[in-house]
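Participant: What follows is a predicted structure for the sequence shown.
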Amino acid sequence: MSGPGTPGVSVVICAYTEDRWEDVLAAVASVRAQSRPALETLLVVDHNRALLDRLGEEYKESGDVRVLANAGPRGLSAGRNTGIAASRGEVVAFLDDDAVAERDWLRHFAEAYDDPRVMAVGGRTEPVWASGRRPDWFPEEFDWVVGCTYRGLPGGRVRVRNVLGGNASFRRTAFDAAGGFATGIGRDGSRRPLGGEETELCIRLSRARPDAVLLIDDRAVIHHRVPEVRERFGYFRTRTYAEGLSKALVARSVGAGKGLESERRYTTRVLPAGVVRGLRDALLARPGGAARAGAIVAGVLTAAGGYLMGSVRAVRGGVTFSVAGTGEGGRD
């Protein structure tokens with residue numbers, strides 16, 4: 001599987017709905033086609049018995065894919081923690097269930113771990129629009145709304161505060177030092193598209209291991225499907241509001257200073273430049289320029305509203321979260 005001196009990589013894919021059946025199969029196929037083979041692939045099913053049974057049947061003859069149920073509460077964080085606990089690799093990588101990885105995805109991750117200080121490596125996520133093209137009004141600065149790498153992130157292999165959870169990897173010892181993903185933050189099976197669980201974990205990791213190096217290598221590429229419903233402004237508004245709620249939880253967990261460090265640069269530099277670019281495009285009669293500028297302003301205001309609401313709820317004690325351990329009880 002892995003060569004001498006190179007870390008074995010377990011890949012965890014969390015799934016929750018049969019609506020993404022073909023996507024899940026494609027995600028697994030892309031892991032199997034890696035130039036640097038994975039040690040194993042773990043499919044963690046989030047409280048969906050029908051999907052668990054169907055995937056179990058699909059891969060029952062497989063020696064490299066294991067299907068298991070989320071052993072914790074409903075939600076993406078607990079699903080990932082289940083995968084971590086059951087995995088055997090020195091490195092654990094995460095791939096979204098509606099994404100496919102390019103052939104050298106794991107190779108680029110693995111190379112970065114030659115440096116023993118490296119505790120996490122993320123990659124670049126490209127959108128695959130259901131309509132075949134980016135909506136004219138959709139600003140690249142907000143591609144995080146659809147789970148993708150956004151304008152403003154640095155290119156190359158660079159140090160970052162946090163990786164993005166749908167295309168990320170962690171050294172196993174990172175979880176030993178900081179614990180797993182916090183439940184109560186991030187996707188929880190409800191209709192509200194929350195997030196931020198990987199940000200909270202990365203900040204907690206950097207505090208537990210001040211020498212830790214976290215990287216993004218933009219050569220580690222995955223392609224993330226964006227369904228038509230997420231190309232609409234209604235989803236954009238809902239997701240940005242939910243991101244504000246999530247950031248309030250992250251700030252409550254790790255403090256506003258560190259929890260919003262990157263966001264301050266993003267809102268004071270990246271987004272104003274995006275508005276200027278949109279207005280310039282409008283003056284040049286390029287399609288969507290004014291709409292993109294307007295969407296950026298709307299996105300900021302909506303996220304700020306979500307943050308204020310989330311902060312009020314947090315102060316009133318209406319939210320809770322906990323950090324799960326990722327012990328070895330589930331490992332082979």
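Facilitator: All right, it came through fine.
Participant: and residue 160, what is it in contact with?
Facilitator: For residue 160, the contacting residues are 122, 153-154, 214-216, 262, by CB atoms under 8 Å, 6 or more residues apart in numbering. All C-beta spots, glycine's among them, are computed from the backbone N, C-alpha and C.
Participant: Report the separation between residue 150 and residue 53.
Facilitator: Computed with CB to CB, to the nearest Å, the distance linking residue 150 and residue 53 is 37 Å.
Participant: if you count what's nearby, which of the two comes out ahead?
Facilitator: Here residue 150 and residue 53 are compared on neighbour count by other CB atoms under 10 Å; more neighbours surround residue 150, at 19 against 12.
Participant: Just give me the neighbour total for the nearest residue to the more buried one once chain neighbours are set aside.
Facilitator: Of all residues beyond its chain neighbours, the one nearest residue 150 is residue 143 (4.0 Å), with distances taken as CB to CB, 6 or more residues apart in numbering. The number of residues packed near residue 143 is 21, by other CB under 10 Å.
Participant: The one 5 residues further on now?
Facilitator: Residue 148: 22 surrounding residues under other CB under 10 Å.
Participant: swap in residue 60?
Facilitator: Using other CB under 10 Å, the number of residues around residue 60 comes to 9.
Participant: where's residue 211, which helix or strand?
Facilitator: Here residue 211 sits in a region with no helix or strand, counting by DSSP states H and E.
Participant: re the thing from before, using CSV, lay out the contacts of residue 160 together with distance to residue 198 and pLDDT.
Facilitator: Formatted as CSV, the entries for the contacts of residue 160 read as follows, by distance: CB to CB, whole Å; pLDDT from 0 to 100:
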residue, distance to residue 198, pLDDT
122, 8, 97
153, 14, 89
154, 17, 87
214, 10, 97
215, 14, 97
216, 12, 96
262, 13, 74
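Participant: before we move on, the earlier item: name the SS class of the residue nearest to residue 150, please.
Facilitator: With DSSP: H, G, I helix; E, B strand; the rest coil as the basis, the three-state label of residue 143 is helix.
Participant: Which residues lie in contact with it in this structure?
Facilitator: Residues counted as contacts of residue 143 (CB under 8 Å, 6+ apart) are 127, 149-151.
Participant: List only buried entries from these.
Facilitator: Buried by 16 or more other CB atoms under 10 Å: 127, 149-150, out of the contacts of residue 143.
Participant: ok, which pair from the contacts of residue 160 is furthest apart?
Facilitator: 215 and 262 (14.6 Å; CB to CB).
Participant: Looking at these two, which is more packed in?
Facilitator: Each of residue 215 and residue 262 has its neighbours counted (other CB under 10 Å); residue 215 has more, 22 against 15.
Participant: what about the strands in the stretch 151-300 of the chain?
Facilitator: Under the criterion DSSP state E, counting those that start in this stretch, the stretch 151-300 of the chain contains strands at 157-159, 167-171, 182-183, 213-226.
Participant: Neighbouring strands - and their directions - for the second one?
Facilitator: The sheet places strand 167-171 alongside strand 91-95 (antiparallel), strand 118-129 (antiparallel), with pairing taken from DSSP bridges.
Participant: and what of the third one?
Facilitator: Applying DSSP bridges to the sheet, strand 182-183 is found paired with strand 322-323 (antiparallel).
Participant: what's the average pLDDT for the partner strand?
Facilitator: Strand 322-323 carries an average pLDDT of 61.
Participant: Could you give me the buried positions within stretch 139-159?
Facilitator: Within stretch 139-159, judged by 16+ other CB under 10 Å, the buried ones are 139, 141-150, 152-153.
Participant: Any chance of these in a markdown table with distance to residue 195 as columns?
Facilitator: Converted to a markdown table, the buried residues of stretch 139-159 look like this (distance: CB to CB, whole Å):
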| residue | distance to residue 195 |
| --- | --- |
| 139 | 18 |
| 141 | 16 |
| 142 | 13 |
| 143 | 13 |
| 144 | 8 |
| 145 | 10 |
| 146 | 11 |
| 147 | 9 |
| 148 | 12 |
| 149 | 14 |
| 150 | 13 |
| 152 | 17 |
| 153 | 15 |
